[in-house]
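J.: coords please:
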Amino acid sequence: MARVIGIDHLVIRVGDFAKSKRFYNAVLGFLGFKLKYQHGRHAGWSNGKTLFWIGEADARGKRRKHRIGDIGFHHYAFEVGARRDVDDLYKLLKAKKLTVIDPPADYPDYGRGYYAVYFLDPDGLKLEGMFFPKARKKPRKKSAKKR
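T.: As a prediction, this is how the structure comes out:
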């Protein structure tokens, strides 16, 4: 049986290629991605493990903006290594005057230590920068107390 070993790439369609390229260059650049490919109205950034691509929507696709709640993409979460990385991402978003829908906060319903910021791309696609320590740490075994 085949087993998925990772996510190779994600491709999203955008309404204004130049505007979205500037947005993703800033956000993905901050997150450690580098622009690796550009072919016409398509661009792909890589962090060495996965590729994040944008491509301009066709004329029919541009007629209607994305709406959270429609069938399809809801949001994409970028996992970072520390809470301060979420805070630093928030600072970048604010400095670039990008749309933040939920500033950094704890989300205990998602698990102890889950901390995230939610923001929108130029087409209204929801993105998340998140830190979740349980995803990184193995539980410690309790040692027996000496008496």
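
J.: which SSE is F23 in?
T.: helix 17-30 (DSSP states H and E).

J.: low-confidence ranges in this structure?
T.: Applying pLDDT under 70 to the chain picks out residues 135-147.

J.: Would you mind measuring from the closest residue to Y76 other than its chain neighbours to K94?
T.: Distances taken as C-beta to C-beta, 6 or more residues apart in numbering place L127 nearest to Y76, at 5.6 Å, with adjacent residues excluded. (Glycine included, C-beta is placed from N, CA and C.) Per C-beta to C-beta, to the nearest Å, L127 is found 15 Å from K94.

J.: Helices of this structure, start to end?
T.: Using DSSP state H, the helices of the chain run over 17-30, 59-62, 83-95, 133-136.

J.: Isn't H9 up against W45?
T.: No. H9 lies out of contact with W45 (C-beta atoms under 8 Å); the separation is 9.9 Å.

J.: who touches both of the two?
T.: L51, F52, W53 (C-beta atoms under 8 Å, 6 or more residues apart in numbering).

J.: Ranking by neighbours, what's the top pick from these?
T.: Using other C-beta atoms under 10 Å as the neighbour test, those are led by F52, with 22 neighbours.

J.: can I assume it is in contact with G44?
T.: Yes. Counting by C-beta under 8 Å, G44 is a contact partner of F52 at 6.9 Å.

J.: what do the two both touch?
T.: H9.

J.: list the contacts for K96?
T.: A26.

J.: Which residue of H9 and W45 possesses the greater neighbour count?
T.: Legend: neighbour count by other C-beta under 10 Å for H9 and W45, higher for W45 (24 against 11).
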